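Novice: Any chance you could fold what I've pasted below:
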Amino acid sequence: MPRSFHSHTSFRSIIILSKLNTLSKLNTLSRLNTPSKLNTFSKLSTYCQVSEFLTTLKPIHCIFCQINKLLTPFKSRSHSMAALFSKPMSHGIPLHQLHNPDRANRIAAQQVRRIPEHEYPSSPYDWLSHASAAHLSTLRSPERRAARQLPSLVRYYQHVSGFAFGPMKFPPLTGPRNLGFTVTTDHLSRIPLAFESEVGLPVRYYGDGSLRYRLRLCMRPESDIAVLPSDWVVSPTHWPQAIFPALNGQSLMVRRKQHFHHDLPVDLSDLVVKGDNVVRISFPDKVVNYKKGMTYFVAVEIVSTMSHDALTSMVLEAPPISAEETRAEIQRRLKPSESDDVVVEDNTFCINVADPFSSSLFDIPVRGDSCRHLDCFDLETWLQTRQGKPGGGLEEPSMADNWKCPICFLDARPSSLRVDKFFAEVRKGLLLQNLGKTKKILVTANGSWSAVPELDDSEDESPIQPNRSLGERINQQKATAPANIIEIDDD
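Specialist: Below you'll find the model as predicted:
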């Protein structure tokens, strides 16, 4: 029998019972005295009102019955969905699905999906980075433009020139930690603020000597007790999964490689104040913050912006590498080893005197303090090849972290570059001998050197070489090859 019929029947029964109850009360009233009649009459009035109210509800009830008939086809489906959601769940998976582990694992994997590394943006400036990090648009680096009074054709460079604090060891630890640093009046006056623009990114105007403050966290071997600045600046930024920094009570958001290709530093320039500043970091002691054999170091860096002329003058005025130091290093490398297992076959070796970018003789030979090789590169070429942000134009200064040595990939920031006087003398001697196209020189233990002859372009392109004696060819190969080291194994 339809549910609506039962509803309608029960509704009619209520009305009939109400009327019978009213008639019974009237019959009783006729046999009572006056006080009882009055009391009962008031109750009878209430019963009559209820009866009339139920009678008025009858048309409305009929309407609901019609709606109930229309919804009848959907009842079975709604009951089945209710049964599904009413079943006990285990980690978001219905228990009736747990009998199939593979299906359960697939369902769980679909709920939280990590972006694989091959889907990360290839650059912080490509379209994929902008699309995946649209919700982080306020974290993007502002456009950097030269101040109006500066010459428009002058090139500017950014580099890490110092530290507000650190680098210091910073392992995971329960509870927040405060790291303080001080900003002087002079430094604060040299920090340009970012201005909102009507279209696009904010704009930050810079000048010669402008500063920026930024927070970085790097991962280093667990055995490291301290990190030298030269090692720090070539270490990539790494943000653990659970870390929550703040500066002067203002929460900071980190830029991660999922959206920006690499983990990027946090710029503090707009939040620092004169005097004491406090970086508060919550870096909990959780499994997600650990990596076997590794630990973390933290620092607040000071990034300087300098013009081409100012930076060149800084390098030329820095203490150079003397010719005596380079000769002593050459002599040390050619000195016979005290070990019986290593024998130096020759007492000479080759050194490149051509810049690795231009493949021509360097004008100002420089290398970094941390470099262990003797090869130098040209200062002017090194500066001109430092790139700014893609699409930034000529006004955009170079990027701050683009200063790895082109030979050994160690620190080659402007503040760490040194002019090598020995190779400056070599360059001068080659030009005096009209050997400006020389690529290599052959050096001996006493510091003397000779140019390694280069083949002419015509000789290089022609398959037919002029007749030369066997001795000349052997001497040519010997001059162009570095000294070989023979290892003798004791069996």
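
Novice: which stretches of the stretch 351-491 of the chain have low pLDDT?
Specialist: Residue ranges of the stretch 351-491 of the chain with pLDDT under 70: 392, 455-491.

Novice: For burial, what's the neighbour tally of R332?
Specialist: Neighbourhood size, R332 [other C-beta atoms under 10 Å]: 9. Any C-beta I mention is one placed from the backbone N, CA and C, and that applies to glycine too.

Novice: Just confirm it is within a helix.
Specialist: Yes - residue state for R332 (DSSP: H, G, I helix; E, B strand; the rest coil) corresponds to a helix.

Novice: How confident was the prediction at it?
Specialist: Confidence per residue is given as pLDDT, and for R332 that number is 90.

Novice: just R140 next, same as before
Specialist: Among the per-residue scores, R140 shows a pLDDT of 70.

Novice: Look up how far K292 lies from the residue nearest to C376 when sequence neighbours are not counted.
Specialist: For C376, ignoring the flanking residues on the chain, the nearest one in space by C-beta to C-beta, 6 or more residues apart in numbering is P365 at 3.6 Å. Taking C-beta to C-beta, to the nearest Å as the measure, P365 falls 43 Å from K292.

Novice: Looking only at neighbour counts, state which of the two leads.
Specialist: Applying other C-beta under 10 Å to P365 and K292 shows that P365 carries more neighbours, namely 25 against 5.

Novice: Would you mind measuring the gap between the ends of stretch 256-264?
Specialist: In terms of C-alpha to C-alpha, to the nearest Å, the two terminal residues of stretch 256-264 are separated by 7 Å.

Novice: Can you point out the buried residues in that stretch?
Specialist: Neighbour-count burial for stretch 256-264 flags 256-261, 263-264 (criterion: 16 or more other C-beta atoms under 10 Å).

Novice: related to what we said a few turns ago, look up the residues forming beta bridges with the residue nearest to C376.
Specialist: Listed beta-bridge partners, P365: D378 (assigned using DSSP bridges).

Novice: Now do the contacts for L268.
Specialist: Taking C-beta atoms under 8 Å, 6 or more residues apart in numbering as the definition of contact, the neighbours of L268 are 213-215, 247, 252, 300.

Novice: Need phi/psi at it.
Specialist: According to degrees, to the nearest 10, the main-chain angles of L268 amount to phi -110, psi 0.

Novice: How much space separates it from S304?
Specialist: Noted for L268: a distance of 15 Å to S304, by C-beta to C-beta.

Novice: swap in T174?
Specialist: For T174, the distance to S304 - C-beta to C-beta - is 37 Å.

Novice: So between the two, which is more surrounded?
Specialist: More neighbours surround S304 than the other of T174 and S304, with 22 against 9 (other C-beta under 10 Å).

Novice: Which residue is the nearest non-sequential neighbour of the more buried one?
Specialist: Residue nearest to S304 in three dimensions, not counting chain neighbours: S161, with 3.9 Å by C-beta to C-beta, 6+ apart.

Novice: Which other helices and strands does the host helix or strand of that neighbour contact?
Specialist: Of the helices and strands defined by DSSP states H and E, S161 is found in strand 156-169. Contact partners of strand 156-169 among helices and strands, from 3 or more C-beta pairs under 8 Å, 6 or more residues apart in numbering; DSSP states H and E: strand 177-183, strand 211-221, helix 229-232, strand 294-307, helix 308-317.

Novice: picking up where we left off before, pick the one among the buried residues of stretch 256-264 closest to K437.
Specialist: Nearest to K437 among the buried residues of stretch 256-264 is H261, at 40.2 Å by C-beta to C-beta.

Novice: wouldn't the closest one be in contact with Y120 here?
Specialist: Yes - under the criterion of C-beta atoms under 8 Å, H261 makes contact with Y120 at 6.0 Å.

Novice: Specify the beta-bridge partners of the spatially closest residue to V353 that is not a sequence neighbour.
Specialist: What sits nearest to V353 in space, not counting adjacent residues and going by C-beta to C-beta, 6+ apart, is I441, at 5.6 Å. Using DSSP bridges, the beta-bridge partners of I441 come out as I351, A451.

Novice: OK, contacts around I441?
Specialist: Going by C-beta under 8 Å, 6+ apart, I441 touches 350-351, 353, 426, 430, 449-452.

Novice: quick one, strands of the stretch 301-450 of the chain?
Specialist: 342-344, 348-352, 365-368, 377-378, 417-419, 440-444, 449-451 (DSSP state E, counting those that start in this stretch).
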